[in-house]
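structure of the sequence below:
(chains A and B)
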Amino acid sequence: MTANLTDEQLVELAVKENPDAFGEIVKRWERKIFALCFGMLSREDEAKDATQETFIAAYRNLSKFRGDAKVSSWLHRIAVNQCLTTKRRAKTRSEDFLDDETHADEKVFVAPAHLTPSKTTEQSERLQLVRQAVVSLPADLRQIIVMKEFEEMTFQEISDTLELPLSTVKSRLYTALKQLRSKLKKVSMEIV
Amino acid sequence: MLNTNQQNSSCAFAEQIVSYLYGEANSREKTKFEAHLKNCPGCADELAGFGFVRSSVQKWHKEFLQLETPVMEFPLHQSPETIVTVTNKRSWFAELRQLFTLSPTWATAATAFAVLAVCVGLALVGLNFINKTDVAENKDNLPEKSISYPAIEKKTEQPQEINISEETAKQNSPDKISKPFEEKSEIENTPRVAPKNSIAKVLNKTKRAPKNETVAQNSNNLKAVRKVKDINNINKTAVAKNRQVPKLTEFDEVEDNSLRLSDLMAEVENE
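Take a look at the predicted model:
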């Protein structure tokens, strides 16, 4: 019954303490939110925790949900804030996260010369460098890349979700790709 | 917030690159951009570079596709207010990692304490081992000292035996009888030395005596041997007492010699 309803209708039902309605929202969005968190954090365990905390936060704040915004926008905003909180918490714990927003432009991920004993190792290292490069992007650019590549959303869907003009979404994606290219440039020169 | 317009390429088709790259350009835009690419090496280069970046990110995306979606663990039947405590619930792995990454100072202190504890433990074990070694060495020395007492007792029982054997030896080979007396005195002075050349040895010498002896000498020998036999029984009881000593010492050799005396007895009786 709840499967035919829109997200906004489900939230209205959930506010009236219908647990099935919010369960349907979770079912619809958990994979996309998990993809977003994984792309933002690049760690599976933290992405799982962030996904769960995103839905818990949404459930706790159901009454504060404004009907004029989209549920997807609302969930994405909560998820991005949760990821930023997680990264901030990780930094205070002195974990070896890359600084994603400070000196991001200066960072160049160069594959060390000793990492070329075999093709498998090269691929693994290359994947690691790509991951680090994406995580080191500014949060707004990183979110666009992750929504496009991991959530496989169209520009229009991203625009609707983030409530941004379509041209802004394209510009941000262009900038993100350009920064990633410069970060991975030397890597591609050594590997390709 | 980043001003993306300032970072765009100077080319007017910059934004259309991403639409073309992701296949979201309509047919009119696509045709127009492909025509532009032939005359703009900068856009062509960027398109190739973006294609490489996109393929790299897609490989990472493939890794994500293998992951399972996490199962949400919060009770929907509860009201949102009561679910506050669940929010703080973290996975055990995250808790464990947080425990060890919470404070480098704490970790350093714990490591130092562990190393100190191990060192103290090793030192205690080493001391214990040294003490045990000393005790073992003392134990090795003690039995010899304690055994000296029964040896002395045995010697006190033996004078008769020695005298008898002396008489016998005088009749058989007078030149050889002084040796047991000398050895006896040595034994008394040095109780640890076992009486290797005791009465049994003397009797062995009598065993090798020449066979052309007179009958009187034989009768004297028989009497002496009977007395020796009695004393031998006393020696056996003494040896049995000595057997109770935990460590096997040279006194057992006395018992072996006394066994040879029985052979002598058999030989004499046969004669």
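
run through chain A and note the low-pLDDT ranges.
A:1, A:93-120, A:186-192 (pLDDT under 70).

now stretch A:85-93 - C-alpha only, CSV.
Extracted C-alpha coordinates of stretch A:85-93, given in CSV (Å, rounded to 0.1, in the frame of the first residue of the first chain):
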residue,chain,number,x,y,z
THR,A,85,30.5,15.3,11.2
THR,A,86,32.1,11.8,10.9
LYS,A,87,35.1,13.2,9.1
ARG,A,88,35.5,16.0,11.7
ARG,A,89,35.2,13.4,14.5
ALA,A,90,37.8,11.3,12.7
LYS,A,91,40.2,14.2,12.5
THR,A,92,39.9,14.9,16.2
ARG,A,93,40.7,11.3,16.8
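
chain center to it, what's the gap?
Once both centres are worked out by C-alpha atoms, centre = their mean, to the nearest Å, stretch A:85-93 turns out to sit 16 Å from its chain's centre.

before we move on, what about stretch A:68-77?
The answer for stretch A:68-77 is 15 Å, by C-alpha atoms, centre = their mean.

buried residues in the helix or strand in which residue A:175 is found, which are they?
Element membership for residue A:175 (DSSP states H and E) is helix A:166-191. By 16 or more other C-beta atoms under 10 Å in any protein chain shown, the buried positions in helix A:166-191 come out as A:168-181, A:183-185, A:187-188, A:191. The way it works is simple: take the backbone N, C-alpha and C, and place the C-beta from them, glycine included.

cool, stretch A:75-87 as well?
A:75, A:76, A:77, A:78, A:79, A:80, A:82, A:83, A:84, A:86, A:87.

intersect the buried residues of helix A:166-191 with the contacts of chain B.
Within the set of those, contact with chain B (C-beta under 8 Å from any C-beta of the partner chain) is found for A:168, A:170-175, A:177-178, A:180-181, A:184-185, A:188.

any chance of those in TSV, plus distance to residue B:61?
Converted to TSV, those look like this (distance: C-beta to C-beta, whole Å):
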residue	distance to residue B:61
A:168	23
A:170	20
A:171	22
A:172	19
A:173	15
A:174	19
A:175	20
A:177	15
A:178	20
A:180	14
A:181	17
A:184	15
A:185	21
A:188	18
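
returning to what we had before: from the buried residues of stretch A:75-87, which land in helices?
A:75, A:76, A:77, A:78, A:79, A:80, A:82, A:83, A:84, A:86, A:87 (DSSP state H).

got a list of what the second one touches?
For residue A:76, the contact set (C-beta atoms under 8 Å, 6 or more residues apart in numbering or on different chains) comprises A:33, A:36, A:143, A:147, A:161, A:162.

rewinding a little: tell me which of the ones next to chain B among the buried residues of helix A:166-191 is nearest to residue B:234?
Nearest to residue B:234 among those: residue A:184, at 104.7 Å, using C-beta to C-beta.

that closest one contacts residue A:130, correct?
Yes: between residue A:184 and residue A:130 there is a contact at 6.6 Å, judged by C-beta atoms under 8 Å.

give me the common contacts of those two.
residue B:56.

quickly find the element holding the most centrally placed residue in chain A.
Nearest to the mean C-alpha position of chain A, by C-alpha atoms, centre = their mean, lies residue A:36 at 3.1 Å. Secondary structure from DSSP H and E places residue A:36 in helix A:19-41.

just the buried positions in that helix, please.
Across helix A:19-41, burial judged by 16+ other C-beta under 10 Å covers A:21-22, A:24-26, A:28-41.

could you identify the helix or strand that succeeds it?
helix A:44-60.

show me what that next one is packed against.
When contacts are defined as 3 or more C-beta pairs under 8 Å, 6 or more residues apart in numbering or on different chains; DSSP states H and E, helix A:44-60 packs onto helix A:19-41, helix A:71-92, helix B:84-87, helix B:92-101.

those helices: which one's closest to residue B:227?
Residue B:227 sits nearest to helix B:92-101 of all those, at 89.0 Å, using C-beta to C-beta.

which pair in the buried residues of stretch A:75-87 spans the largest distance?
Across those (C-beta to C-beta), the longest gap, 18.7 Å, separates A:75 and A:87.

among the buried residues of helix A:19-41, which ones lie close to chain B?
Contacts with chain B within the buried residues of helix A:19-41, counted by C-beta under 8 Å from any C-beta: A:22, A:26, A:30, A:31, A:34, A:35, A:38, A:39.

quick one: contacts for the third one?
Going back to what we said before, that points to residue A:30. Residue A:30 makes contact with A:51, A:55, B:69, B:70, B:72 under the criterion C-beta under 8 Å, 6+ apart.

touching, the third one and residue A:32? I think so.
If I follow you right, that is residue B:69. No: if you go by C-beta under 8 Å, residue B:69 and residue A:32 don't touch, sitting 9.8 Å apart.

what ranges do the helices span in the stretch 1-150 of chain B?
B:4-7, B:14-21, B:27-39, B:41-65, B:84-87, B:92-101, B:104-157 (DSSP state H, counting those that start in this stretch).

which of the ones you listed has the lowest average pLDDT?
Among the helices of the stretch 1-150 of chain B, helix B:4-7 has the lowest mean pLDDT, at a mean of 40.

quick check: angle from the helix holding residue A:36 to helix A:71-92?
Here the directions of helix A:19-41 and helix A:71-92 differ by 50 degrees (axes from the mean of the first three to the mean of the last three C-alpha atoms, to 10 degrees).

what angle do helix A:19-41 and helix B:41-65 make?
For helix A:19-41 against helix B:41-65, the angle by the same axes, to 10 degrees is 130 degrees.

separation between residue B:24 and residue B:236?
Distance of residue B:24 to residue B:236, given as C-beta to C-beta, to the nearest Å: 115 Å.

got the contact list for the residue lying closest to residue B:47 once chain neighbours are set aside?
Nearest residue to residue B:47 in three dimensions, chain neighbours excluded: residue B:17, at 5.8 Å (C-beta to C-beta, 6 or more residues apart in numbering or on different chains). Neighbour list for residue B:17: A:174, B:9, B:33, B:43, B:46, B:47, B:50 [criterion: C-beta under 8 Å, 6+ apart].
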